[in-house]
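Trainee: Structure for this input, please:
(one chain, ligands or ions: 1)
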Amino acid sequence: MAVHAAALARQHRGLTLQLLGDIFRRYPLRGAVMLLALLLASLSEGLGLGSLLPMLTVAVEGQAGDGPGQTVAGWLAAAGIEPALGPLLLLILLAITLKSALLLLAHSQVGSTATRFVTALRHDLLASTLASRWEHFLQLPGGALTNTVSMESQRVATSFLAGVNAMTFLLQALVYAGVALAISWQATLVGLAAGVVVIGACSLLVSASRRAGQRQTASMRDLAGQLADILLSVRPLKAMGRGALVETALVSENERLDRALRRQVVSAAALTAGQEELFAVAIVAGLYIALAPLQMPFPTVLALVLLLGRMLAQLGKVQKEYQKVAIGESAYLACKDTIAAARGAAERSGTLPPPPLRDGVTLARIRFAYGNKDDNKDGHRPLFDGLDLHIAAGSITTLMGPSGSGKSTLLDLVLGFATPDAGQVLIDGQPLACTALTAWRQQIGYVPQETHLLHDTVLHNVTLGDPTLDAIDAERALREADAWELVARLPDGLDHVVGERGGRLSGGQRQRILIARALAHWPRLLILDEATSALDDFSEAAICRTLRGLRGRLTILAVSHRPALGEIADRVYRLPAPGLHPKDLIAVNKARDCTPGGQANPIPCFSTLPMED
Ligand SMILES: Nc1ncnc2c1ncn2[C@@H]1O[C@H](COP(=O)(O)OP(=O)(O)OP(=O)(O)O)[C@@H](O)[C@H]1O
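Mentor: Numbers count the residues shown, from 1 in each chain. Coordinates of the predicted model:
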């Protein structure tokens with residue numbers, strides 16, 4: 001996810017105005033209404049300006065007289081409008097009102113289009129990321145994703161608004177040029193040439209802004225990613241008096257961002273100053289040439305200065321708005337890249353509805369290795385090779401084994417987060433690979449190792465906002481998780497807000513609420529990954545009683561280092577230490593093999609596939 005300014009710059013080639021193109025393609029009708037309104041608004045402005053010409057002549061000479069003023073007066077007379085001061089002023093007022101109304105219509109379309117587009121962009125970012133494979137998700141720094149969804153998408157909206165403003169000013173400049181053409185095509189061409197020269201001379205500043213925008217995008221992502229990462233570890237850092245290290249770690253990114261923002265401000269200011277100076281030179285020179293060597297009539301010169309001056313001013317604004325588009329374009333590119341990467345790593349799901357879990361989950365001759373599967377150079381050593389294992393429906397199965405032996409990975413295989421390189425995960429005999437993953441996971445209650453809660457009420461933490469669950473479901477689940485008493489003692493009960501990541505509750509209390517969350521939606525398979533590690537013996541015993549009570553009603557698969565969950569299990573699988581042969585996997589089938597003295601008979605489990613090393 002780390003984005004570098006150089007990479008953005010490379011990808012930027014050919015991207016110019018892609019954002020506007022994408023928006024118009026996505027909302028063609030709105031885009032057409034917007035463009036039409038902008039065009040009509042510019043024409044109204046032209047009408048007002050055109051009326052200004054005979055009015056100037058009337059004001060200076062007492063009548064329409066010769067020249068462009070008379071030409072326009074002739075057009076107005078043909079339309080039944082008398083070229084006198086009163087009707088002309090009224091016409092100018094009408095044209096300005098019409099222009100304002102049309103601009104209002106255009107900009108309300110622009111505003112709602114921008115909001116819709118950015119909302120859709122945020123949705124695409126979240127939906128594609130959530131639908132991506134677990135290993136892709138693991139590579140995304142959470143802070144960088146938050147930054148993309150909040151900051152970068154907002155910069156996209158700003159960029160779009162600037163792009164539309166640029167179009168508005170361009171249309172207005174063209175209308176001014178059109179009216180000026182009616183007075184003097186030579187002067188208009190000279191004015192346009194002056195505009196092109198000034199804009200060309202200032203384009204370096206736009207390129208500088210674009211590069212600064214790319215650096216801002218890259219720095220913001222890195223900074224947000226690092227910040228979120230560090231904040232997760234802030235407690236130990238503070239506890240060990242290393243808070244200052246946070247600042248040191250972020251200082252270089254912060255400075256990079258600061259430099260990028262300063263460059264943007266300086267380029268924008270330089271563009272304004274540069275344009276003003278060069279346009280002033282062009283206008284003064286034009287004024288001198290028109291009045292001295294050419295000796296043009298004063299009303300004509302006045303009208304030309306007014307029109308061409310405004311045309312140049314509007315052209316200047318086009319460039320300034322385009323500068324804003326250039327600054328924001330890298331944010332759009334970064335959003336698109338994030339979406340494309342997530343879509344490229346989309347989870348592959350089957351379509352068959354999940355079976356009702358009457359027989360159980362079977363892992364048959366599983367081979368699995370972490371790492372890039374296409375990368376044969378490394379020859380990644382498989383974590384599992386020929387693993388066979390059965391989780392009987394309605395029973396309690398506990399996975400034990402040393403750290404790193406693959407217990408959580410085995411859960412990931414059952415959840416469909418990891419895909420075996422060979423062999424199959426079967427649900428009641430149906431391959432998980434052919435099963436609709438979301439529907440399968442909806443049958444699962446999952447309690448993770450980490451005890452992070454949402455910064456919300458206990459009720460929301462248990463129901464997760466599922467509209468099919470209410471306070472009664474939450475209470476039932478909390479009772480089953482032995483958490484009801486603790487919730488009842490909280491100041492606001494179910495409505496108690498648990499704080500950031502659940503920080504206003506103890507680790508054990510959070511764990512019990514997480515167990516209640518896993519039970520709230522009546523799962524068929526309950527998976528507990530070290531779910532009692534933060535509990536005292538008494539609370540763990542209560543959870544074990546609950547799990548025993550649930551035996552038969554649902555299938556329970558638990559990972560635990562602690563004996564209690566092993567003691568209540570119908571079957572315990574002891575995974576061998578990393579690097580050992582899978583035939584060392586031991587299954588202790590207590591339901592069948594318990595001796596009268598209560599001692600379980602370890603039975604070796606299934607697999608005899610040779611390792612490849
Ligand atoms: N996403 C991953 N990418 C690469 N290697 C991984 C990944 N997740 C786990 N591993 C490696 O796979 C091995 C098994 O990890 P796993 O988390 O499944 O073990 P575990 O038995 O659950 O360990 P613990 O009891 O410490 O939680 C470890 O060597 C670990 O480093």
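Trainee: and residue 398, backbone torsions?
Mentor: Dihedral angles of residue 398 (phi, psi; degrees, to the nearest 10) stand at phi -120, psi 130.
Trainee: I meant residue 497, not that one.
Mentor: Torsion angles, degrees, to the nearest 10, at residue 497: phi -90, psi 130.
Trainee: One more: residue 345?
Mentor: phi -110, psi 30.
Trainee: Apart from its chain neighbours, what residue comes closest to it?
Mentor: residue 136 (3.6 Å; CB to CB, 6 or more residues apart in numbering). Where you see a C-beta, it was placed from the backbone N, CA and C, and this is true even at glycine.
Trainee: Identify the residues contacting the one you found.
Mentor: 341-342, 345 (CB atoms under 8 Å, 6 or more residues apart in numbering).
Trainee: Report pLDDT for residue 258.
Mentor: Note on residue 258: pLDDT of 88.
Trainee: Quick check: which ranges of the stretch 351-500 of the chain have low pLDDT?
Mentor: 372-380 (pLDDT under 70).
Trainee: what about stretch 286-299, start to end distance?
Mentor: 15 Å (CA to CA, to the nearest Å).
Trainee: My guess is residue 98 contacts residue 44. True?
Mentor: Yes - using CB atoms under 8 Å, residue 98 makes contact with residue 44 at a distance of 4.2 Å.
Trainee: More neighbours: those two, which one.
Mentor: residue 44 (21 against 17; other CB atoms under 10 Å).
Trainee: Assumed the more buried one was part of a strand.
Mentor: No - membership of residue 44 in a strand is not supported by DSSP: H, G, I helix; E, B strand; the rest coil, which gives helix.
Trainee: What parts of the stretch 51-200 of the chain come near the ligand?
Mentor: 135, 138 (CB under 6 Å from any ligand atom).
Trainee: Right, and the ligand sits closest to which residue of the stretch 51-200 of the chain?
Mentor: In the stretch 51-200 of the chain, the residue that lies nearest the ligand is residue 138 (5.5 Å; CB to the nearest ligand atom).
Trainee: before we move on, what SS does that residue have?
Mentor: Quick answer, by three-state DSSP: residue 138 is helix.
Trainee: thinking again about what came up before, now do the residue nearest to residue 345 against residue 562, distance only.
Mentor: Counting by CB to CB, to the nearest Å, the gap from residue 136 to residue 562 is 33 Å.
Trainee: Can you report how many residues neighbour residue 202?
Mentor: Applying other CB under 10 Å, I find that residue 202 has 21 neighbouring residues.
Trainee: List the residues that contact it.
Mentor: 271, 274-275, 278, 319.
Trainee: Kindly recompute the last result at 7 Å.
Mentor: 271, 274-275, 319 (CB atoms under 7 Å, 6 or more residues apart in numbering).
Trainee: cool, residue 272 as well?
Mentor: So residue 272 contacts residue 320 (CB under 7 Å, 6+ apart).
Trainee: so it sits in a strand?
Mentor: No - counting by three-state DSSP, residue 272 is not found in a strand; it is helix.
Trainee: So for it, what pLDDT did the model give?
Mentor: Note on residue 272: pLDDT of 88.
Trainee: repeat for residue 286
Mentor: What the model reports as pLDDT for residue 286 is 81.
Trainee: got it, and residue 134?
Mentor: So, for residue 134, pLDDT stands at 89.
Trainee: How much space separates the spatially most central residue of the chain from residue 140?
Mentor: Most central in the chain under CA atoms, centre = their mean is residue 149, positioned 2.9 Å from the mean C-alpha point. Distance, residue 149 to residue 140, by CB to CB: 11 Å.
Trainee: now swap in residue 87 and tell me
Mentor: 66 Å.
Trainee: same deal with residue 240?
Mentor: In terms of CB to CB, residue 240 sits 28 Å off from residue 140.
Trainee: of those two, who's got more company?
Mentor: residue 140 (17 against 9).
Trainee: What score does that one have for pLDDT?
Mentor: So, for residue 140, pLDDT stands at 82.
Trainee: Please state the backbone phi and psi of it?
Mentor: According to degrees, to the nearest 10, residue 140 has phi -80, psi 120.
Trainee: Show me which residues of this structure sit near the ligand.
Mentor: 135, 138, 370, 383, 401, 403-409, 578.
Trainee: Let me know the secondary structure of residue 358.
Mentor: Following three-state DSSP, we place residue 358 in the coil state.
Trainee: wait, it sits on residue 393?
Mentor: Yes - contact criterion CB atoms under 7 Å: residue 358 and residue 393 qualify, at 5.5 Å.
Trainee: more neighbours, those two?
Mentor: Each of residue 358 and residue 393 has its neighbours counted (other CB under 10 Å); residue 393 has more, 19 against 11.
Trainee: Pick out the residue in the stretch 251-400 of the chain sitting closest to the ligand.
Mentor: Taking CB to the nearest ligand atom, the stretch 251-400 of the chain has residue 370 as its residue nearest the ligand, at 3.4 Å.
Trainee: That residue: neighbouring residues, count only.
Mentor: Residue 370: 13 neighbours (other CB under 10 Å).
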